[in-house]
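# Sequence and predicted structure are below.
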Amino acid sequence: MVVPVDYSLYLVTDSSLVPENATFLGQIEKALEGGVTLVQLREKDLDTGPFIDLAYKVQALTRQFNVPLIINDRIDVALAVNADGVHIGQDDMPMRRARQILGHDKIIGVSCNTIAEAQQAIADGADYLGIGAVWDTSTKKLKKKTLGIQGVKDLLAAIPPIPNVVIGGIKLNNGKELLENTQGVHGLSIVSGIMAAPDAKQACQDLLSMIRHYVPGPSKEQDIVKYAIKATARVKSGSPLVHHMTNTVVINDNANATLAVGASPIMSTNTEEVDDIAAINGAMVVNMGTLSQSMSEAMSTAMESNTKLGNPVIFDPVGAAATEYRRVMTQKYLDVGHLTVLKGNTGEILYIAQRGGQSRGVDTVGGTGGEANAAAAVKETAQKYGIIVAMTGEIDYVSDGERVFAIDNGDALLASITGSGCMVSSIVGCFTAVNRENYLYATIAGILIVTVASEKAASRPDVHGPGTFRSALIDELYNITNEPSILATYAKVREVKL
């Protein structure tokens with residue numbers, strides 16, 4: 001299944017158009033900074049080796065901005081660099097054959113100039129259409145007539161709704177005219193208007209601002225799921241080290257879950273080696289489930305060492321309200337721990353937020369007090385401490401102090417195994433370790449992969465209760481990591497307005 005894509009502003013590259021005072025990669029980077037939502041690398045005159053080298057360099061930029069990279073025509077190059085997809089013309093490899101080679105996880109677009117070509121591309125399984133040329137263009141020698149605005153309208157009216165971009169001679173003004181007078185266009189594909197621009201970033205900002213008046217961008221929820229898919233792949237490829245100081249009940253499961261998503265766990269409570277580990281660490285997970293005086297001191301040292309090096313610190317305040325000692329230590333870590341993410345269960349977060357919260361030992365007792373109370377708890381706590389706050393339960397709530405998102409995934413069997421919440425903290429550690437540009441989305445992604453895995457595990461015929469579910473959960477974490485596009489089918493994320 002293809003990752004959800006925003007086709008709004010689609011850059012097609014052309015190295016011959018780059019201004020003298022700019023570079024090819026520099027123009028692409030500025031375009032990404034300006035809001036380009038998709039990049040197609042089109043370099044017709046490059047041999048295979050240089051094309052692959054260039055594709056890797058462009059891909060390094062697009063991945064920084066979480067933007068898909070499409071390769072024009074060259075399926076071999078797309079495969080070599082594991083690009084997000086290819087774009088093929090009418091004279092290139094047949095669409096069906098391209099799909100057989102690339103599979104269904106890659107994006108395939110097809111250029112169409114006629115209704116018949118568009119209908120055939122849809123029948124063959126294209127993910128999107130490149131419709132044009134709309135007007136004459138200097139970037140490509142045209143073999144077919146230009147469509148004009150009326151031609152685009154006629155073509156779109158004759159086919160089922162499908163993602164599409166229009167291309168050919170499009171600039172800011174005529175693009176505005178086209179979108180004003182056409183229904184069903186999903187984006188504009190621009191070449192010279194970006195690649196030849198003296199200020200590519202400003203050009204893209206102007207284009208995208210105009211496009212957004214007529215073409216709605218993806219919802220925040222779609223954007224989060226798209227991010228989660230990419231973030232999952234990034235954990236596996238990056239294989240970050242995640243240092244745990246966690247409770248003795250869950251050490252084995254947390255380590256196995258960390259391995260299942262492609263990260264590397266280290267479960268050390270030795271104060272003497274904290275600095276050495278922090279120097280190579282991706283994230284620090286602190287869990288006070290089996291808290292002691294020596295453990296408390298080690299946790300404080302670990303938080304300080306990792307904070308100095310810029311590593312994210314995830315704190316799981318297990319049993320925060322259960323005893324006076326835990327209450328004191330929870331407040332200490334909140335005040336001086338320099339936390340990145342606070343992840344607790346319903347009772348723990350509601351207690352910290354002073355919005356109720358009951359526990360029996362380390363387990364939650366009672367509900368959330370309603371969604372408004374739960375959402376307010378995570379938002380207010382995030383604002384107060386300047387961190388990401390996640391509250392797990394029947395519904396999970398996550399906030400950065402401005403926005404609140406609810407995750408409706410998860411199977412009831414999660415509550416039947418020890419340490420499932422602690423496992424979530426471990427996975428959030430894995431995701432924040434290598435997705436540092438957006439800790440809110442990375443936290444949601446970490447929770448999503450566990451909750452979706454729980455649903456898939458519970459539905460397996462070999463699962464008959466908590467024992468078999470526990471093993472299946474690790475399996476499904478591994479399976480989703482190897483096919484993260486599954487999240488697009490299962491994820492249930494929504495924004496909560498207060």
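On my side now, so go ahead. Numbering: from 1, shown residues only.

# Going by C-alpha atoms from here, please, whenever you check contacts or count neighbours.
Noted.

# Go ahead and flag the most central residue of this structure.
Tyr227 (1.2 Å; Cα atoms, centre = their mean).

# hang on, Val18 packs against Ile194?
No. Using Cα atoms under 8 Å, Val18 makes no contact with Ile194, being 9.0 Å away.

# shared neighbours of these two, which are they?
Among the neighbours of Val18, those also in contact with Ile194 (Cα atoms under 8 Å, 6 or more residues apart in numbering) are Gln27.

# More neighbours: which of the two?
More crowded of Val18 and Ile194, by other Cα atoms under 10 Å: Ile194, with 28 against 22.

# Find the nearest non-adjacent residue to that one, please.
Excluding the flanking residues, the one nearest Ile194 by Cα to Cα, 6 or more residues apart in numbering is Ala200, at 5.4 Å.

# helices and strands around the helix or strand encompassing Thr232, which ones?
Here Thr232, judged by DSSP states H and E, is contained in helix 220-238. In terms of contacts (3 or more Cα pairs under 8 Å, 6 or more residues apart in numbering; DSSP states H and E), helix 220-238 is packed against helix 420-434, helix 439-458, helix 466-482, helix 486-490, strand 493-495.

# what distance separates the second one from the middle of the whole chain?
Spelled out, it's helix 439-458. Put simply, helix 439-458 sits 12 Å off its chain's centre (Cα atoms, centre = their mean, to the nearest Å).

# what residues does that helix touch?
So helix 439-458 is contacted by 224-225, 227-229, 231-232, 340-341, 388, 390, 398-400, 407, 409-411, 413-414, 424, 427-432, 435-436, 463, 469, 472-473, 475-477, 480, 487, 490-491 (Cα under 8 Å, 6+ apart).

# Please apply the same query to the first one.
Under the criterion Cα under 8 Å, 6+ apart, residues 231-232, 234-235, 238, 240-242, 244, 250, 253-254, 257-258, 261, 263, 282-285, 287, 311-316, 343-345, 392, 414, 439, 442-443, 445-447, 450 lie in contact with helix 420-434.

# got it, and the shortest one?
For strand 493-495, the external contacting residues (Cα under 8 Å, 6+ apart) are Lys220, Glu221, Val225, Arg403, Val404, Phe405, Ala406, Ile407, Asp408.

# Among those residues, name the buried ones.
The neighbour count (16 or more other Cα atoms under 10 Å) marks Glu221, Val225, Arg403, Val404, Phe405, Ala406, Ile407, Asp408 as buried among the contacts of strand 493-495.

# how about the fourth one, what does it touch?
Right, Val404. Contact analysis of Val404 by Cα under 8 Å, 6+ apart lists Ala375, Val378, Lys379, Tyr397, Val398, Glu495, Val496, Lys497.

# again, only using 10 Å
Counting by Cα atoms under 10 Å, 6 or more residues apart in numbering, Val404 touches 374-376, 378-379, 389-390, 397-398, 440, 494-498.

# For it, list each beta-bridge partner.
Counting by DSSP bridges, Val404 forms beta bridges with Ser399.

# what's the pLDDT at it?
If you check Val404, the pLDDT there is 96.

# ok, it to Tyr441 distance?
Going from Val404 to Tyr441 by Cα to Cα, to the nearest Å gives 11 Å.

# where exactly do the helices run in the stretch 301-450 of the chain?
With helices called from DSSP state H, counting those that start in this stretch, the stretch 301-450 of the chain shows them at 324-336, 346-352, 371-385, 420-434, 439-458.

# Output the contacting helices and strands for the shortest one.
If I follow you right, that is helix 346-352. Contacts defined by 3 or more Cα pairs under 10 Å, 6 or more residues apart in numbering; DSSP states H and E place helix 346-352 against helix 324-336, strand 341-345, strand 358-360, strand 363-365, helix 371-385, strand 388-392.

# Please convert those to TSV, extending it with mean pLDDT and distance to Gly175.
Formatted as TSV, these follow (pLDDT from 0 to 100; distance: least, Cα to Cα, whole Å):
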stretch	mean pLDDT	distance to Gly175
helix 324-336	93	51
strand 341-345	96	43
strand 358-360	58	58
strand 363-365	54	56
helix 371-385	96	40
strand 388-392	97	40
